[in-house]
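A.B. asks: Return a 3D structure for these sequence lines:
(2 chains)
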There are 2 protein chains.
Amino acid sequence: MEPFSQVELQLAARNHGMPLEALRYPVTPAGLHYLLTHYDIPAVDPSDFSLEIGGRVARPLALSLDELRTRQAVELAVTMECAGNGRALLSPRPLSQPWISEAVGTASWRGTPLAPLLAEAAPLDDALEVVFGGLDRGFEAGVEQSYERSLTLDEALSDDVLLAYEMNGAPLLPQHGFPLRLVVPGWYGMASVKWLARITVVAEPFAGHQQADAYRLRRDGDDEGTPLTRILPRALMVPPGIPDFPTRERTAVAGPIAIEGRAWSGWAPIATVEISADGGRTWAPAELGDRPTSRWAWRAWRYDWQAQAGEHVLSCRARDEAGKEQPAEAEWNVGGYANNGVQRVPLTVS
Amino acid sequence: MEPFSQVELQLAARNHGMPLEALRYPVTPAGLHYLLTHYDIPAVDPSDFSLEIGGRVARPLALSLDELRTRQAVELAVTMECAGNGRALLSPRPLSQPWISEAVGTASWRGTPLAPLLAEAAPLDDALEVVFGGLDRGFEAGVEQSYERSLTLDEALSDDVLLAYEMNGAPLLPQHGFPLRLVVPGWYGMASVKWLARITVVAEPFAGHQQADAYRLRRDGDDEGTPLTRILPRALMVPPGIPDFPTRERTAVAGPIAIEGRAWSGWAPIATVEISADGGRTWAPAELGDRPTSRWAWRAWRYDWQAQAGEHVLSCRARDEAGKEQPAEAEWNVGGYANNGVQRVPLTVS
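C.D. replies: Numbering: from 1, shown residues only, chains lettered A, B, ... in the order given. The predicted structure follows:
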């Protein structure tokens, strides 16, 4: 990797990935789930809080947290991944949060489905998109803004989109959007707006920064690009053996080693996971764990490896039921998004 | 800052600081407290867990978690800081976790005092030190090891040293030492051994890596150095205004701005905090908040600033009742430890 800049280090010091040994947990414990905050974590007084639903609707709504909590409640395990996961492995490396492969986590979100609330607000005939606005505020691309993203009306009305007020059985943590956030299962994390305070139905495509400029796959600066939506398939393993501090180089003892990990895709359930112990030349199927009870949660897998003394590079790759599979190396793009190239874990066996 | 290496980025992606806006919380919420893990976070089955107290004692003990929980329980708010905080600001920069200034947090730890347990084990007459051993395992300086640190017998018997099994009212999180950790209030975090499983009384000074090699202040490679112990004074502010993504450059509007933060020292209570809005040329006293109920928790402070348009560099500095105060720049040392030079927050006011 090319050396990292101060800007990248400042971001890495604030944001954090999930240490990969935490793949052992079906639901990621508090504080281990990845976290990416564009601006600052806002302080929100829940007693003052109100969710406003307005714009091109017949019946605008303003709802307190207590009102949201009295509505239908759903709890759903969702694997969320940052669209920038893998960015640090690209060359040249786009300037943003330098994730290696750890920007992922699975939480059990509890909240109320969005669709009935939107139906109650009654979008007008010209309603096209729904814009979700957060309370976090900063500058980006020279413009002062709150974090805002949109979904098409159809996407916003789909079954599993939640307004979540709990994570893993506790109120949302400040950094995960307290007191309320959107959760869009299957999509990269940018869609799941934190500190959600405004839902605005609009009749034109939303042209805010996070929709029209950021979070698009562009070949070059002139390419208008295509918006990021659902999470591409990825498998990650718990790196076997033990690490060196500070290099993180790993060592294991020859003999049987259970290689374990999890795989996910926002497009379709996971169909296969394969393992390579020779840097990607040959592959063998991993054994998939039980199908998760939530469609949107990652799936466990396991491979029993006979480790022989020597230097190895372990890799895993996932394919989903829609036929999407991980490439050896993903295509470069301007923003450094959606790099789901296969994980490579060097390991010395002695 | 000089560019950062892949090794530093790998550490920054795993470990994480406390985003400085979280200085607003007297007790740091789960997941925002700084976290530094030398090796991997171990998986510990609490039903199998036993704390062994042995070595130069008359009555070795083995205690389950349930037995520890039936003993005297104490809850204590403790500000903990990584000994490497500020390392990224040193030049040349020692190779380890590249903290800027965010490696701090305050938790409310609940557990049982160590001293009565040690007394029950009855150290022999030649007892000199107490070695605390964790379940995390890795290589460091070419040697396979578990994380181990010692205290002198006197230090180990001091009143506020805890065997903690809860953090902020919940069982320890895996990454903070589940199911049991040592908490040594007032000391840099390296003393508060996580995943604590072995307490061994010894008759010779402990010569393990984390005691004899790491965590020492050395002028150069030939210097035997002095061991790090208590936390030097530091004040940090919540950076005012709003940030740019990705540069984190900050902007505020001219007029009154309340600058708020917290200050701490492991040597003595905080005596004064001073603020400079001109990069350290002139200083004015901040107003200290109430003395914290715990001696070991940070103290809030506040300064009402009249911000005028222009470019500013805001700084804060603390002095404790023992007369220790923050330097403008701390002395360089081989390990990059204890850099409590004053924080500098550039701010554009318009």
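
A.B. asks: For the rest of this, base every contact and every neighbour count on C-alpha atoms.
C.D. replies: Fine.

A.B. asks: any idea how far the spatially most central residue of chain A is from chain B?
C.D. replies: With distances taken as C-alpha atoms, centre = their mean, the residue of chain A nearest its centroid is residue A:81 (1.8 Å). Look at residue A:81 and chain B: by C-alpha to the nearest C-alpha, to the nearest Å, they are 15 Å apart.

A.B. asks: now the residue of chain A found nearest chain B, nearest residue through space, not along the chain?
C.D. replies: Closest residue of chain A to chain B, C-alpha to the nearest C-alpha: residue A:31 (3.5 Å). Once flanking residues are discounted, residue A:31 sits nearest to residue B:31: 3.5 Å by C-alpha to C-alpha, 6 or more residues apart in numbering or on different chains.

A.B. asks: ok, that neighbour - contacts?
C.D. replies: The neighbours of residue B:31, taking C-alpha atoms under 8 Å, 6 or more residues apart in numbering or on different chains as the test, are A:30-32.

A.B. asks: can you put those in JSON lines and add pLDDT, distance to residue A:259 and secondary structure?
C.D. replies: Below are the contacts of residue B:31 laid out as JSON lines (pLDDT from 0 to 100; distance: C-alpha to C-alpha, whole Å; DSSP: H, G, I helix; E, B strand; the rest coil):
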{"residue": "A:30", "pLDDT": "97", "distance to residue A:259": "24", "secondary structure": "coil"}
{"residue": "A:31", "pLDDT": "97", "distance to residue A:259": "24", "secondary structure": "coil"}
{"residue": "A:32", "pLDDT": "98", "distance to residue A:259": "21", "secondary structure": "coil"}
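
A.B. asks: If we only consider the residues you listed, which is nearest to residue A:50?
C.D. replies: Proximity of these to residue A:50 (C-alpha to C-alpha) peaks at residue A:30, which lies at 25.7 Å.

A.B. asks: Correct me if wrong: that closest one contacts residue B:29.
C.D. replies: No: using C-alpha atoms under 8 Å, residue A:30 makes no contact with residue B:29, being 10.0 Å away.

A.B. asks: where do the contact lists of these two overlap?
C.D. replies: Counting by C-alpha under 8 Å, 6+ apart, nothing touches both residue A:30 and residue B:29.

A.B. asks: Which positions in the stretch 51-200 of chain A make contact with chain B?
C.D. replies: A:95-97, A:99-100, A:102, A:137-141, A:173-175 (C-alpha under 8 Å from any C-alpha of the partner chain).

A.B. asks: cutoff 6 Å now
C.D. replies: Applying C-alpha under 6 Å from any C-alpha of the partner chain, we find that the stretch 51-200 of chain A lies next to chain B at A:138-140.

A.B. asks: circling back to that earlier point, grab the nearest non-local neighbour of the residue nearest to the centre of chain A.
C.D. replies: In this structure, residue A:81 finds its nearest non-sequential neighbour in residue A:104, 4.3 Å apart by C-alpha to C-alpha, 6+ apart.

A.B. asks: Phi, psi for the one you found please.
C.D. replies: phi -150, psi 160 (degrees, to the nearest 10).

A.B. asks: wait, it sits on residue A:32?
C.D. replies: No: assessed by C-alpha atoms under 6 Å, residue A:104 is found out of contact with residue A:32, at 9.3 Å.

A.B. asks: List the neighbouring strands of the strand or helix carrying residue A:52 plus their orientation.
C.D. replies: Assigned by DSSP states H and E, residue A:52 belongs to strand A:51-55. Note on strand A:51-55: by DSSP bridges, its sheet partners are strand A:61-63 (antiparallel), strand A:196-202 (parallel).

A.B. asks: Mind putting these into TSV with mean neighbour count and mean pLDDT?
C.D. replies: Below are the strands paired with strand A:51-55 laid out as TSV (neighbours: other C-alpha atoms under 10 Å in any protein chain shown; pLDDT from 0 to 100):
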stretch	mean neighbour count	mean pLDDT
strand A:61-63	14	98
strand A:196-202	23	98
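
A.B. asks: I'd like those strands as a markdown table, with distance to residue B:17 appended.
C.D. replies: Shown next, in a markdown table, are the strands paired with strand A:51-55 (distance: least, C-alpha to C-alpha, whole Å):
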| stretch | distance to residue B:17 |
| --- | --- |
| strand A:61-63 | 35 |
| strand A:196-202 | 25 |
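
A.B. asks: Which residue ranges of the stretch 1-150 of chain A form helices?
C.D. replies: Remark: helices assigned in the stretch 1-150 of chain A by DSSP state H, counting those that start in this stretch are A:6-14, A:65-70, A:114-121.

A.B. asks: of all the contacts of residue B:31, which comes closest to residue B:19?
C.D. replies: residue A:31 (12.9 Å).

A.B. asks: that older thread, number of residues surrounding the residue nearest to residue A:81?
C.D. replies: 25 (other C-alpha atoms under 10 Å in any protein chain shown).

A.B. asks: One more: residue A:213?
C.D. replies: 16.

A.B. asks: and if you look at residue A:66?
C.D. replies: Using other C-alpha under 10 Å, residue A:66 is surrounded by 12 other residues.

A.B. asks: mind checking pLDDT for it?
C.D. replies: On pLDDT, residue A:66 comes in at 97.

A.B. asks: I'd guessed residue A:330 sits against residue A:342; true?
C.D. replies: No: in this structure, residue A:330 is not within contact of residue A:342 by C-alpha under 6 Å, at 8.6 Å.

A.B. asks: more neighbours, those two?
C.D. replies: Per other C-alpha under 10 Å, whichever of residue A:330 and residue A:342 has more neighbours is residue A:342, with 24 against 15.

A.B. asks: OK, contacts around the nearest residue to residue A:298 once chain neighbours are set aside?
C.D. replies: Distances taken as C-alpha to C-alpha, 6+ apart place residue A:264 nearest to residue A:298, at 4.6 Å, with adjacent residues excluded. Applying C-alpha atoms under 6 Å, 6 or more residues apart in numbering or on different chains, we find residue A:264 in contact with A:233-234, A:298.

A.B. asks: Restricted to strands, list the residues you listed.
C.D. replies: Residues of the contacts of residue A:264 located in strands (DSSP state E): residue A:234.

A.B. asks: what's the closest of the contacts of residue A:264 to residue A:85?
C.D. replies: residue A:234 (10.5 Å).

A.B. asks: So what sits opposite that closest one in the bridge?
C.D. replies: Applying DSSP bridges, one finds that residue A:234 bridges with residue A:264.

A.B. asks: State the number of residues packed around it.
C.D. replies: Number of residues near residue A:234 (other C-alpha under 10 Å) recorded here: 29.

A.B. asks: Look up how far residue A:22 lies from it.
C.D. replies: Separation of residue A:234 from residue A:22 (C-alpha to C-alpha, to the nearest Å): 16 Å.

A.B. asks: Would you confirm that residue A:314 contacts residue A:345?
C.D. replies: Yes: counting by C-alpha under 6 Å, residue A:345 is a contact partner of residue A:314 at 5.0 Å.

A.B. asks: burial of the nearest residue to residue A:238 once chain neighbours are set aside, as a residue count?
C.D. replies: Computed as C-alpha to C-alpha, 6+ apart, the closest residue to residue A:238 that is not its neighbour in sequence is residue A:21, at 4.9 Å. Residues lying near residue A:21 (other C-alpha under 10 Å) number 17.

A.B. asks: quick one on the thing from earlier: now, of the helices of the stretch 1-150 of chain A, which is deepest in the fold?
C.D. replies: Of all the helices of the stretch 1-150 of chain A, helix A:6-14 carries the top mean neighbour count, a mean of 22, counting by mean count of other C-alpha atoms under 10 Å in any protein chain shown.

A.B. asks: which residues are in contact with that one?
C.D. replies: So helix A:6-14 is contacted by A:97, B:12, B:16-17, B:19, B:247 (C-alpha under 6 Å, 6+ apart).
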